[in-house]
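In: next input, structure requested:
(3 chains)
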Amino acid sequence: MQWEIVIGLEVHTQLSTRSKIFSGAPTAFGAAPNSQACAVDIALPGVLPVLNRGAVERAIKFGLAVGAKINSPSIFARKNYFYPDLPKGYQISQYELPVVAGGSVKIQIGGDGNECEKTIRLTRAHLEEDAGKSLHEDFQGMTGIDLNRAGTPLLEIVSEPDMRSSAEAVAFAKTLHSLVRWIDICDGNMQEGSFRCDANVSVRPLGSDKLGTRCEIKNLNSFRFLEKAIDYEAKRQIEILEDGGTIRQETRLYDSDKDETRTMRSKEDAQDYRYFPDPDLLPLEISADWIEEIRASTPELPMSRRYRFMARDAASYVAMLQEHLDIDFEADLHDWVQQTHREIIAPDTQKTYALSAYDAAMLTADKNTADYFEKVINDVGSANTKLCANWMTGEVSGRLHKEALDIAQCPVSPAQLAGLLLCISDGTVSGKTAKDVFDAMWRGECDGNADIIIETKGLKQISDAGEIEQLIDGILAANPQQVADYRNGKEKAFNSLVGQAMKATKGKANPAQVNELLKKKLGNL
Amino acid sequence: MSLSLDDIKRVANLACIEVSETEAATALTQLSGIFGLIEQMQAVDTSAIEPMSHAQDVVQRLRDDTVTESDQRELFQSIAPKTEAGLYLVPKVIE
Amino acid sequence: MRPHDFGIHPPLFYDLSRLANTMLNSSLKQLSALLAAKKISSVELTGEFLKRVKALNPDYNAFITVDEKMSLAQAQAADAMIASGQARPLTGIPIAQKDIFCTKGWLTTCGSKMLSNFVSPYDAGVIERFNAVGAVNIGKTNMDEFAMGSSNETSFYGPVKNPWDITAVPGGSSGGSACAVAARMAPAATGTDTGGSIRQPAALCGISGIKPTYGLVSRYGMIAFASSLDQGGPMAKSAEDLALMLNVMAGFDTRDSTSLQRASEDYARDLAKPLQGLRIGLPKEYFVEGMSADVARAVEAAIGEYRKLGAETVEVSLPNTKLSIPVYYVLAPAEASSNLSRFDGVRYGHRAPEYIDLNDMYQKSRAQGFGAEVKRRILIGTYVLSHGYYDAYYIQAQKLRRLIAQDFAAAFAQCDIIMGPTTPTTAFALGEKSGNPVQMYLSDTYTIATNLAGLPGMSIPAGFGDNNRPVGLHIIGNYFAEAQMLNVAHQYQQVTDWHMRMPDKLTA
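Out: Residues are numbered from 1 along each chain as shown, chains lettered A, B, ... in the order given. Got it, this is the predicted structure:
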């Protein structure tokens, strides 16, 4: 039997506020244990929560970015359970009325020319507080509790079960990861736990429209683990079903050392969380004015920026957007999507670059890269768009990757790169030589000024026709054998002659000119 | 509605309060009496009424995102049952 | 220091006259005048009250913690404030603080074994306000455990006795505060009221007490019982004293999301207003079954007094009154079950000495740390919130809560103020109801509805019933009508002297 895998994700993103969601304690990572846990965080008797405006603002920003509905009012509820890293014995979360409802995210799937888009619907996103940390190292045979993280604001983003493979799940998680950093609501640091996924996985016979029994895999803190855990879990479920068994609904943990998932707790001993509205917090109302203010400050979103980079002109950009926004949702939600996106699409529809889908995707992978690209284009002019794209997806990205740097840490500034690209486009240096210049710029030589590096190193390309002609004449005279070979149809001999010309000029001869003149001469001989 | 001994034990377990058999039996008698009182609520048709969560019809006030609290760990942990290296200690938590 | 830690027993014949009777019955205003005129220092005044506490507390058990050193240090600071001309109302006046208010450096137990080792690392909003005006904390008063009780018998520190009859309960949960004021161990005290915990003990001990509109007094640092109902308020001899106390206690606090942002007001501003034309609503549901004859007589007499003062009475109806107890015993325990989850023996409070694992530590710490009534309410609350019961109990109770609030809105369209008995009977005997929770709960019949509606309510002494036990007159005002209620109470206290009465044996 053919099986279909059905996946929904719950993603916990730590919001990048300075202070906690319900207290004025700092949220910085890595402080001494419990040094950032104030009276409210450690739940002293009598303390009370007061909601952080910054956390709400970030939730709204996210809601706008995914075309969701911003609920007003939304309600905070208590989720009751006992755990030593949960000081109050309940977590303040949102249950019946979350701040963000609906919305969707488009992911890119497939590859090798089969790229296509898929819409993943979001159920909701709600605000809640993070718990502390249990440190299981041995303290006199006991567990140590650090409450620094307790009260850190989280936005829990819940998707519909719209993904059909681990690859789709990873693509979705990556898209969200990029989006929350793009709109600057979360630092996305997965090692520090700023972005954590739970995956709901079930399988069903292909063609069935009934959902199978699902298992929830908790706390997947890397894309690789997410992929492997889903693959393992789907395989496990399929094997059970094929052996005639049934799946038990349960919560499972992924063990990355053994690459397997195992039972954490079954549905039967699932907690009864006794959710109820928190009487210490009042209904959260969000005014239309506030939403507008946040909308105005939200940057152009990755999806529309990607389309703008791909578009040939303003008209094709708008056409692409319309197609993108044609999401088949309930009517009211659809209106919201339309309205939301109309307000936050590109501020300048004229800046289109006609890039390939691949280039556009690469250059909008994060906001800093896209900003970098547009800064360079601003200096080199739109005629050099392709050159710029090639350099950014090639040399620049390769070098950053090799040195594990972020584009924001790139030692070559957009203006410096633009200087180099202009030298290429006007023929001052060849593409090959330019890579050496780039190396020098990377090392910070001559303050990263391409012109000066070319000048001092004598890397200027020889484009003087007379000089090259003289050189070629010399080479032809010195290599009668190759000339003869070429005449007898050996194309290889031509390349050898070009090589000699380049070698003689230490690569500085303009290769196009060498080719052209050489052909002319050989033809004339 | 009638409460059972199992209900009492289930709820005590949810509330993390150890109860002996005798305590559970006493609690059953007392809670049954109290629920006798509570059941009077069920006689009223409230289908058209909105639940009232708060005494005042006001909305949540928001605080600015600024750090106002400084480290008071030493003071706070001076009243803790068991600490070490700045951590609160509890019996081993098994995941 | 706990009462039983006093060490030496007080002298058998403590000379009660040392604190002159006039001073025992002095109003806060009079005491302030004495302090301002340097007739007495705060250190002397505090010292005298401390001696009286030392003498009487072993019999009445009104205080859980008394710390002479800390009190006198505050008194000294108050004297400095007075000397430098920076005195404010209540500077240097000893105030008894209910042990539910977190008080930095003081044992703050909430009447529970769970917090029997909890020295608070911070001050409640209310305590900060008293500190800011230089009031003196004379001690932390006994109370029903976590404010759950109507007789003060659920305290881990033992019951408080009623100064009018040592065999009777003082009421609860603010029984220690009521007793302290009634026995003149403190000129005034603080209390909290979730279902009547200020008004019922005030009534049973023959003193005045007001529970303000929900949101007026900060709940920050006031150990939560039922967050949506809890409200702090003053307890004192007279309405005038309550006004001065409320002037200090009420006010916006950014740390409490339910604290109301309102312009500050002087609650004493209307005390002198005549009552001519005041419309007093008498809910017909309050004057039927349940009320004992002696209480009815006293309340009728008080209302007669009001008619003489120029007020008129109208019959009003609060048809859902009988539902307030069932609704309360769903909502308050539900909130409490969650509020009390933080007491897990991890960061502070009682941790069981022996346990086998984490869950066992939780189960035992909580089983040992909480008393029977608290456990009972946690179980009720956990049950009504649990899966499958939430709608039938919790949501239904919240809907009925709205009906109860609407009853009051309709009644206030016909009257300015509502009056009735504070309690159905006078103080009952110690042990009389402690074995029967339902009977105990019914003693809050008249007070609970105001908490559900969030309205202000107060109780003032209105004479005595059988066996010379005090009767309280219940005054319910509309939202934010505290100044008017205090005026109404004050005018009555100008023509009666019930509030000045003291148990004979406690006078010199």
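
In: residue 64: which element?
Out: No chain was given, so I picked chain A. helix A:53-65 (DSSP states H and E).

In: could you do chain C instead?
Out: strand C:63-65.

In: can you give the distance of that strand from its chain's centre?
Out: Centre-to-centre, strand C:63-65 and its host chain are 15 Å apart (CA atoms, centre = their mean, to the nearest Å).

In: what does stretch A:465-475 give?
Out: With CA atoms, centre = their mean, you get 51 Å for stretch A:465-475.

In: pull out the buried residues from the helix or strand following the strand holding residue C:64.
Out: Once the chain leaves strand C:63-65, the next helix or strand it forms, by DSSP H and E, is helix C:68-83. The neighbour-count check on helix C:68-83 (16 or more other CB atoms under 10 Å in any protein chain shown) flags C:68, C:70-72, C:74-79, C:81-82 as buried. From N, CA and C alone the C-beta is placed, and that goes for glycine too.

In: residue contacts, residue C:234?
Out: The neighbours of residue C:234, taking CB atoms under 8 Å, 6 or more residues apart in numbering or on different chains as the test, are C:188-191, C:209-210, C:241-242, C:245-246, C:249.

In: can you classify it as helix, strand or coil?
Out: strand (DSSP: H, G, I helix; E, B strand; the rest coil).

In: that one pairs with what?
Out: As for beta bridges, residue C:234 partners with residue C:190 under DSSP bridges.

In: distance-wise, check residue A:212 relative to residue A:277.
Out: Per CB to CB, to the nearest Å, residue A:212 is found 34 Å from residue A:277.

In: ok, the two, which is more surrounded?
Out: residue A:277 (22 against 19; other CB atoms under 10 Å in any protein chain shown).

In: picking that back up, give me the buried entries from the contacts of residue C:234.
Out: Using 16+ other CB under 10 Å, the buried ones in the contacts of residue C:234 are C:188-191, C:209-210, C:241-242, C:245-246, C:249.

In: and the strand holding residue C:64 with chain B, contact?
Out: No. Strand C:63-65 lies out of reach of chain B by CB under 8 Å from any CB of the partner chain, never closer than 15.2 Å.

In: so for that strand, what gets flagged as buried?
Out: In terms of neighbour count (16+ other CB under 10 Å), strand C:63-65 has its buried residues at C:63-65.

In: distance of residue A:501 from residue A:13?
Out: 58 Å.

In: higher neighbour count, these two?
Out: residue A:13 (27 against 24).

In: surely residue A:64 is in contact with residue A:298?
Out: Yes. Counting by CB atoms under 8 Å, residue A:298 is a contact partner of residue A:64 at 5.8 Å.

In: out of these two, which sits in the busier spot?
Out: residue A:64 (25 against 19).

In: look up how far residue A:294 lies from the more buried one.
Out: Going from residue A:64 to residue A:294 by CB to CB gives 7 Å.

In: and if you look at residue C:96?
Out: For residue C:96 relative to residue A:294 (CB to CB), the value is 50 Å.

In: mind listing the strands for the stretch 101-250 of chain A?
Out: Assigned by DSSP state E, counting those that start in this stretch, the stretch 101-250 of chain A shows strands spanning A:104-109, A:116-129, A:133-139, A:142-146, A:153-159, A:195-205, A:215-220, A:250-255.

In: please, where are all the helices along the stretch 1-150 of chain C?
Out: Remark: helices assigned in the stretch 1-150 of chain C by DSSP state H, counting those that start in this stretch are C:21-24, C:28-36, C:42-60, C:68-83, C:125-132.

In: do you know which of the ones you listed lies nearest residue C:439?
Out: Smallest distance to residue C:439 across the helices of the stretch 1-150 of chain C (CB to CB): 24.2 Å, for helix C:42-60.

In: sorry, back to before: so can I have JSON lines of the buried residues of helix C:68-83 showing distance to chain B and pLDDT?
Out: JSON lines is the format used below for the buried residues of helix C:68-83 (distance: CB to the nearest CB, whole Å; pLDDT from 0 to 100):
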{"residue": "C:68", "distance to chain B": "23", "pLDDT": "97"}
{"residue": "C:70", "distance to chain B": "17", "pLDDT": "97"}
{"residue": "C:71", "distance to chain B": "22", "pLDDT": "98"}
{"residue": "C:72", "distance to chain B": "24", "pLDDT": "98"}
{"residue": "C:74", "distance to chain B": "20", "pLDDT": "98"}
{"residue": "C:75", "distance to chain B": "25", "pLDDT": "98"}
{"residue": "C:76", "distance to chain B": "24", "pLDDT": "98"}
{"residue": "C:77", "distance to chain B": "22", "pLDDT": "98"}
{"residue": "C:78", "distance to chain B": "26", "pLDDT": "98"}
{"residue": "C:79", "distance to chain B": "29", "pLDDT": "97"}
{"residue": "C:81", "distance to chain B": "27", "pLDDT": "97"}
{"residue": "C:82", "distance to chain B": "31", "pLDDT": "97"}
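
In: sec struct for residue B:50, please.
Out: Quick answer, by three-state DSSP: residue B:50 is coil.

In: tell me, how many residues neighbour residue A:227?
Out: Number of residues near residue A:227 (other CB under 10 Å) recorded here: 18.

In: distance of it relative to residue A:178?
Out: 17 Å.

In: how about the residues of the stretch 51-200 of chain C near chain A?
Out: Within reach of chain A by CB under 8 Å from any CB, the stretch 51-200 of chain C has these residues: C:101-102, C:108, C:110, C:115, C:118, C:120-122, C:124.

In: neighbour-wise, which of the residues you listed leads?
Out: Ranked by neighbour count (other CB under 10 Å), those have residue C:110 at the top, with 34 neighbours.

In: show me the contacts for residue C:419.
Out: Residue C:419 touches C:280-282, C:299, C:302-303, C:306, C:473-476, counting by CB under 8 Å, 6+ apart.

In: following the longest helix anywhere in chain B in sequence, what is the next regular element?
Out: Ranked by number of residues, the top helix in chain B under DSSP state H is helix B:21-38. Counting by DSSP H and E, the element after helix B:21-38 in chain order, helix or strand, is strand B:62-63.

In: so what does that following strand touch, helix or strand wise?
Out: strand A:51-52, helix A:53-65 (3 or more CB pairs under 8 Å, 6 or more residues apart in numbering or on different chains; DSSP states H and E).

In: pull up the pairing partners for the first one, direction included.
Out: It stands for strand A:51-52. Partners of strand A:51-52 in the sheet, by DSSP bridges, are strand B:62-63 (parallel).

In: contacts for the partner strand?
Out: A:24, A:50-53, A:56, C:254.

In: one step back: so which of the buried residues of helix C:68-83 comes closest to residue A:198?
Out: Among these, and counting by CB to CB, the member closest to residue A:198 is residue C:70, at 50.9 Å.

In: pLDDT weak spots in chain B?
Out: B:1, B:95 (pLDDT under 70).

In: for chain A, that is, sorry about that
Out: Applying pLDDT under 70 to chain A picks out residues A:113, A:266-270, A:324-350, A:524-525.

In: burial of the spatially closest residue to residue A:63 that is not a sequence neighbour, as a residue count?
Out: In space, and not counting its chain neighbours, residue A:63 is closest to residue A:100: 3.9 Å by CB to CB, 6 or more residues apart in numbering or on different chains. For residue A:100, the count of nearby residues is 29 (other CB under 10 Å).

In: in this structure residue A:100 contacts residue A:69, no?
Out: Yes. Between residue A:100 and residue A:69 there is a contact under CB under 8 Å: 7.4 Å.

In: and the end-to-end length of stretch C:59-76?
Out: Using CA to CA, to the nearest Å, one end of stretch C:59-76 lies 29 Å from the other.

In: do the same with stretch A:88-101
Out: Start-to-end span of stretch A:88-101 (CA to CA) is 27 Å.

In: just stretch B:59-79 next, same as before
Out: Span of stretch B:59-79 from end to end, CA to CA: 36 Å.

In: about what we covered before: which one among the buried residues of helix C:68-83 gets closest to chain A?
Out: For these, the closest approach to chain A (CB to the nearest CB) belongs to residue C:70, at 19.4 Å.
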